[in-house]
Structure formats: C-alpha cells, structure tokens
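> Here is the input, now give the coordinates:
(one chain, ligands or ions: 1)
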Amino acid sequence: MKPVNVGIVGLGTVGSGTFNVLYRNAEDIARRAGREILVTHVGARRDHPNADTSGVRVSRDIFAVVDDPEVDILVELIGGTSTARELVLKAIANGKHVVTANKALIAEHGNEIFAAAQKEGVNVAFEAAVAGGIPIIKAIREGLAANRIDWVAGIINGTGNYILTEMGDKGRAFDEVLKEAQALGYAEADPTFDVEGIDAAHKLTIIASIAFGIPLQFSKIYTEGISHITRADVAYAEELGYKIKHLGMTRQTATGVELRVHPTLIPERRLIANVNGVMNAVMVQSDAVGPTLYYGPGAGSEPTASAVVADVVDVARALTTDPNNRVPHLAFRADSLSDTPILPIADVVTGFYLRMEVKDQPGVLAKIAAALSDADINIEAIIQKDQLDANSPVPLIMIVRQVLESKMNDALDKIRALDVLAEDIVRIRLETLGP
Ligand code: HSE
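Purely as a prediction, here's the structure:
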C-alpha cells in the first residue's frame, strides 16, 4: 500500500521526539499501521540539535507544510493558540488530517476545529494533549465506551505535582522547586500556566467533554493554582493522613457537570495520592468497570511523542474508512452532544481542610465550632499546635466533611466576623475519591 506522508510542524521538545520515534521504530510502526509512515516535510523556524532532518524537506515557513499536496497528515507541535489555530484550520481546509499535542488549542478552539474537520471528512487526533504519554483519551473514548462515567480525577500537570512532592518530601520552598522544574524542561513557556492551573484546566476541559459528551467549555472551568500552598499546609495535611495534590476534578451530578482544578487533599491510602514527581495519573469512576487508574509520564520529549505517533498510526489506519464511521472526536457523535450545564463552584460539594491562625484566648475554639455547627458543618478532625512564642497566634487545623461550597463560604464569613483570627483562613478542598 502507498506510504502515508507526514508533515511535522514545530521541531521543539515534542517535535524532535516525534521525528526520532517515527524513524527509530519505523518498521514496527509500519507493521501496525499496515503501510509505511514517512516524514516527508518538516516546518520549523530552527533546527533541533537532537533531530537529524537531513534528507527531509525542511521549510522555515511552516505554512509551506500545510500547502504541500504530498502531505497526508499534518502534525502540529508549535503550541500556542493563534498561529496554531490558523495552521490547523488551513490544513483541514486543504483536506489533511491533523494530529496535535496542543491542549490550549483543543480546549479553547476544539469545537470550531472539530466542526470544520467533520465538514471536510478529516480526522483531528489529540491524544498527546492530555497527560502526555498516558493513552487516556483512547481509554475513556474507546476502552470505557460501555460505561456511564461518574467522575474523572486527574493529576495532570507534572510541574505542579513535582513542586508539591518536593515541598512534602523534602520540605523545600515553592520558588526553589519551580526553578528546578523549569530547568528540567517540563514547565510551560509561561510558568503561570503550570502553577496557576491553566495547563491542567485545558486538559480537564478536554477530559470532561469526552467523558460526558458535552462541548468543550474552557471558559466555564473553575481554576485555582498551587502558588498559595505552604510547606506548613502540606505538613499538617500529612499529619492528618492526607496528601495535597493539584487535582482536576469533573463529575456528572443530577444538576450539572462539575469542572474544576484546584489543590485538593486526598487520603494518603489512595493510589493516586502517591503519584509523585512529574508523573501524571488519571482516575476514572464508571458504573460498569468501577474505578480505573491510568499512570505515566505526563510530559517530556519521547513520552509525549509516544502519544503523537499512536495518533498518526490511528489516523493512517482510518484513512480508508467512511468518515461517518470513525471514532467521534469527542467520544460521542457530534449530533448527540448534551447541553448539561457546567455547575458554578458555589454549587459544588466537597470536604475542606481549614487552617486558622487564631488568638490565644479562652472560648475561641468554642466560637469557631459553634459557627460551623450552626451551618450544619461536621468536623471530622482537628489539631491545635503550640504557639511559636507568647505573642504569636495558635494554628488551628480542621478537616470538615462534605458541604456545599456556598454554605462553607457563609460559615467562614461568620468566623471572620468573630474577631478571633490573626490572619485570613486558609481553606483547601478535600476529595475522598472513594467509591
Ligand atoms: N507543563 C506541562 C506539565 C507539560 O508540567 O505537565 C505537559 O503538558
């Protein structure tokens, strides 16, 4: 059978990895795809020291790859949203299939891109956009197709997980660990994407769509990063039997879909609580199979290339199939997507970790407990620490059981009004991730 010609645009960390994996494993890949897969054109503004492109057509104008009639599949690895969107829409209009690792592009422009692809009868594959090398899109979209999915929880930002792990294991400071993560090459070009949760929000937006058959709705996700997490909170949480992870959580409820990324306490006995360093993990709770957990490298050159190349193979296999009978982009057929609303964060129910730095006076604990009890909030655990010196406040740490977020906020406002706090309350959501 005629070989499939691939054009790679972007020869950075993932682009060079993709180029090298396609070459190194060409024979096995051809045996799997049923035909040879050749990189015939690379579009890159500069060469990459780890990718030897001699013998391959290289264009500095990346749009030359999109306009190359010989290219069957465009692999978009430039990142960003504006040029990437233009490039991908042009490729689709030119009748090319697209493989991308670009989570921001899919989360923010996926609805438009998939509609264009559907119209042209081409495929857009994006396994590498979520959790790097973990085949989570395929697992949810195909492997779990029998199930009603209840919720998906994921540690889907390696940089954030690395920072929290180092803070917990070695008591290291946030800024120092962030610099190290950047040097290791895992961090986004703009590190706020990692530490403020935007990267995880992009990925969770995609997961929610394929899990629940809803359009991509990045503008509605609740996003909170890890920059306010302190070493003390990590240590107190561990004392209470929990790990703090930056978790993406999407759940289907009777009234809508929860869609949120934020630091979260997870019981340390859960496997996912022990996913450390730059590793990612996604846990899916579904009705037929029950809980399943997917673990692996969420970033890096060849781990991400592994997902990109798998998509290339999938697309190559599907080239001769009827476009109407391919696996739908968002798992559910485009004409069957549901309009279930995304719930505002005030309507979400979680447990909470609370840390209050309180004045050392009789009756303070009683007043706080009364404010919580008046709101029907159930305290699960409480610890009070010694003062550092006679004038410093006393750290009071509590875990409270599941409560509606708006109710928790009201109770915290009442505690603030008691005039017993030396500084504002720290609160971190808690998920048990049990059945
Ligand atoms: N910056 C991302 C991370 C890379 O740290 O997980 C993969 O999307």
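> Residues of the stretch 51-200 of the chain that sit close to the ligand?
132, 157-159, 186-188, 194, 199 (CB under 6 Å from any ligand atom). (Each C-beta comes from the backbone N, C-alpha and C, glycine too.)
> go again using 5 Å as the cut-off
Within reach of the ligand by CB under 5 Å from any ligand atom, the stretch 51-200 of the chain has these residues: 157-159, 186, 188.
> Now compare those residues and name the two farthest from each other.
Across those, the longest distance by CB to CB is 10.4 Å; it joins Gly158 and Glu188.
> of these two, who's got more company?
A direct count of neighbours by other CB atoms under 10 Å for Gly158 and Glu188 places Gly158 higher, at 25 against 18.
> ok, and the closest non-adjacent residue to that one?
Of all residues not flanking Gly158 in the chain, Val278 sits nearest, at 3.6 Å (CB to CB, 6 or more residues apart in numbering).
> Return the residues in contact with that neighbour.
Shown in contact with Val278 (CB atoms under 8 Å, 6 or more residues apart in numbering): 158-159, 161-162, 181, 184, 186, 297-300.
> What's the separation between it and Lys179?
According to CB to CB, to the nearest Å, Val278 and Lys179 sit 15 Å apart.
> Next step: the contacts of Val278 restricted to helices.
158-159, 161-162, 181 (DSSP state H).
> would you turn the residues you listed into JSON lines with pLDDT?
Below are the ones in helices among the contacts of Val278 laid out as JSON lines (pLDDT from 0 to 100):
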{"residue": "Gly158", "pLDDT": "92"}
{"residue": "Thr159", "pLDDT": "91"}
{"residue": "Asn161", "pLDDT": "94"}
{"residue": "Tyr162", "pLDDT": "92"}
{"residue": "Ala181", "pLDDT": "81"}
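> For these, name the two members farthest from one another.
Asn161 and Ala181 (9.5 Å).
> More neighbours: the two, which one.
For Asn161 and Ala181, the more surrounded residue by other CB under 10 Å is Asn161, and the numbers stand at 27 against 23.
> Please name the spatially closest residue to that one (chain neighbours excluded).
Closest to Asn161 by CB to CB, 6+ apart is Ile155, at 5.2 Å.
> OK, contacts around that neighbour?
Here Ile155 is in contact with 161, 245-248, 272, 275, 279-282, 298 (CB under 8 Å, 6+ apart).
> Weed out the non-buried ones from the residues you listed.
Buried by 16 or more other CB atoms under 10 Å: 161, 245-248, 272, 275, 279-282, 298, out of these.
> Tell me the one of these nearest Gly80?
Distance to Gly80, by CB to CB, is smallest for Gly298 among the buried ones among the contacts of Ile155, at 19.4 Å.
> CA atoms only for the lowest-mean-pLDDT helix or strand in the chain, dumped as PDB, please.
Every helix and strand in the chain was compared by mean pLDDT, DSSP states H and E; the lowest is helix 174-183, with a mean of 84. Extracted C-alpha coordinates of helix 174-183, given in PDB (Å, rounded to 0.1, in the frame of the first residue of the first chain):
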ATOM      1  CA  PHE A 174       8.000  26.700  46.300                       C
ATOM      2  CA  ASP A 175      10.100  29.100  44.300                       C
ATOM      3  CA  GLU A 176      13.300  27.000  44.500                       C
ATOM      4  CA  VAL A 177      11.400  23.900  43.300                       C
ATOM      5  CA  LEU A 178       9.700  25.800  40.500                       C
ATOM      6  CA  LYS A 179      13.100  26.900  39.100                       C
ATOM      7  CA  GLU A 180      14.300  23.300  39.100                       C
ATOM      8  CA  ALA A 181      11.200  22.100  37.300                       C
ATOM      9  CA  GLN A 182      11.800  24.700  34.600                       C
ATOM     10  CA  ALA A 183      15.400  23.600  34.200                       C
END
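> Surely Arg401 and Asn378 touch.
Yes. Between Arg401 and Asn378 there is a contact at 4.2 Å, judged by CB atoms under 8 Å.
> Could you break the chain into its assigned domains?
4-133+301-336, 136-297, 347-430 (automatic domain parsing).
> Would you mind listing where the protein has pLDDT under the threshold?
435 (pLDDT under 70).
> just to revisit the earlier point, backbone phi and psi for the residue nearest to Asn161, please?
Here the main-chain torsion angles of Ile155 (degrees, to the nearest 10) amount to phi -90, psi 100.
> Can you tell me how far it is from Ala331?
On the measure of CB to CB, Ile155 and Ala331 end up 22 Å apart.
> give me the element Asn409 is part of.
helix 405-416 (DSSP states H and E).
> so what does that helix touch, helix or strand wise?
strand 349-358, helix 364-374 (3 or more CB pairs under 8 Å, 6 or more residues apart in numbering; DSSP states H and E).
> can we see that at 10 Å?
With contacts taken as 3 or more CB pairs under 10 Å, 6 or more residues apart in numbering; DSSP states H and E, helix 405-416 sits against strand 349-358, helix 364-374, strand 394-404, strand 426-430.
> which strands and helices sit next to the first one?
Spelled out, that is strand 349-358. helix 231-239, strand 242-252, strand 257-267, helix 364-374, strand 379-384, strand 394-404, helix 405-416, strand 426-430.
> what's the angle between that strand and helix 405-416?
10 degrees (axes from the mean of the first three to the mean of the last three CA atoms, to 10 degrees).
> what pairs with Val403 across the strands?
Thr350 (DSSP bridges).
> swap that for Ser286, please
Ile149, Gly290.
> Just the strands from the stretch 101-250 of the chain, written as ranges.
When assigned using DSSP state E, counting those that start in this stretch, the strands of the stretch 101-250 of the chain occupy the ranges 124-125, 149-155, 222-223, 242-252.
> could these go into a markdown table alongside distance to His48?
A markdown table is the format used below for those (distance: least, CB to CB, whole Å):
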| stretch | distance to His48 |
| --- | --- |
| strand 124-125 | 23 |
| strand 149-155 | 29 |
| strand 222-223 | 32 |
| strand 242-252 | 30 |
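> Return the residues in contact with the closest residue to Lys90 other than its chain neighbours.
If the residues on either side of it in the chain are set aside, Lys90 comes closest to Val66, at 4.8 Å by CB to CB, 6+ apart. Neighbouring residues of Val66 by CB atoms under 10 Å, 6 or more residues apart in numbering: 7, 9, 41, 43, 59, 74, 76, 86-94, 96, 98.
> now with 7 Å?
74, 87, 90-91, 94 (CB atoms under 7 Å, 6 or more residues apart in numbering).
> which residue sits closest to Ile163, ignoring its sequence neighbours?
Take Ile163 and drop its neighbours on the chain: the residue closest to it by CB to CB, 6+ apart is Val177, 4.6 Å away.
> can you check Asn5 too?
Thr40 (4.3 Å).
> Equivalent analysis for Lys138, please.
Glu127 (6.3 Å).
> Burial check on that neighbour, number of neighbours?
26.
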